[in-house]
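1. Okay, sequence plus prediction incoming.
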Amino acid sequence: MNLTPVTTPKLAKSLFPDLVWDLPTKEKVIYLTFDDGPTPRVTDWTLDVLKQYNAKATFFCIGKNVYAHPFIFKRIIAEGHTVGNHTYNHLKGWKTNTNDYLKNIEDSQKIIDNLIQNSEFRIQNLFRPPYGQIKPKQAKQLIKLGYKIIMWKVLALDWDASITEKKCFENVVSNTTSGDIVVFHDSLKAEKNLQYALPKVLDYFSKKGYEFKRIPE
């Protein structure tokens, strides 16, 4: 049974106040994020759906996937979305010493930077730790290096095969409000729930007057 909370516990925010958990605003704005891509078929489908709703998002990409699928990565950028670093191979921070963790992130960043250096895209050095696992020392070092560590307010739990597609949708619409950062995954593991929930989430909030924006620069 999965015990991952849908919404961020207040304790987590208090323990890591320098991390970005939400982006408070008086405007009706939601920040959709997608982890673990780029993934053939799944990321392309995600981009197609976002385009239908004129929605922008932030994609936290795994370095080895960027290396393997550069054309999908470039499409993300070309369509006006933001990209962030999600380590080179989805590394667990809690199980990795700080030097190895930073090296893994650096390896991923080099691949990302190499692909966007000739574009007008602005490098923001956004980072999201896989599984949300990061040690205080790791976070401190990354911030010192100029990274903005983006966490979340709401998890769709789309990767969890034990929940229904409808539950995935409800996780988002029942817990999301203005300024919230929401996590989906453009991965094969999440594909079934993502393809059900994402269009419905976009439609639901669009009808309520919300905009979907990328994490601001």
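-> Looks like it arrived, so ask away. Numbers count the residues shown, from 1 in each chain.
2. In the protein, where is pLDDT below threshold?
-> Residues of the chain that meet the criterion pLDDT under 70 lie in 1-2, 118-124, 217.
3. quick one, helices of it?
-> 10-15, 42-52, 63-68, 70-78, 98-116, 136-144, 165-173, 191-207 (DSSP state H).
4. Including mean neighbour count and distance to Thr33, could those go into a markdown table?
-> Quick note: C-beta positions are derived from backbone N, CA and C, even for glycine. As requested, these are exported to a markdown table (neighbours: other Cβ atoms under 10 Å; distance: least, Cβ to Cβ, whole Å):
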| stretch | mean neighbour count | distance to Thr33 |
| --- | --- | --- |
| helix 10-15 | 10 | 17 |
| helix 42-52 | 18 | 11 |
| helix 63-68 | 20 | 16 |
| helix 70-78 | 17 | 12 |
| helix 98-116 | 17 | 16 |
| helix 136-144 | 15 | 17 |
| helix 165-173 | 19 | 12 |
| helix 191-207 | 19 | 12 |
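5. Which among the ones you listed is found nearest to Glu27?
-> Among the helices of the chain, the nearest to Glu27 by Cβ to Cβ is helix 191-207 (12.8 Å).
6. Using CSV, write out the CA atom coordinates for the closest one.
-> Provided in CSV are the C-alpha atoms of helix 191-207 (Å, rounded to 0.1, in the frame of the first residue of the first chain):
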residue,chain,number,x,y,z
GLU,A,191,1.2,6.8,-18.8
LYS,A,192,-2.2,5.3,-18.2
ASN,A,193,-3.2,7.5,-15.3
LEU,A,194,-1.6,10.6,-16.9
GLN,A,195,-3.6,10.2,-20.2
TYR,A,196,-6.8,10.0,-18.2
ALA,A,197,-6.2,12.7,-15.7
LEU,A,198,-4.2,15.4,-17.4
PRO,A,199,-6.8,16.5,-20.1
LYS,A,200,-9.5,16.5,-17.4
VAL,A,201,-7.4,18.6,-15.0
LEU,A,202,-6.7,21.1,-17.8
ASP,A,203,-10.4,21.2,-18.7
TYR,A,204,-11.6,21.5,-15.1
PHE,A,205,-9.4,24.4,-14.1
SER,A,206,-9.6,26.2,-17.5
LYS,A,207,-13.3,26.4,-17.1
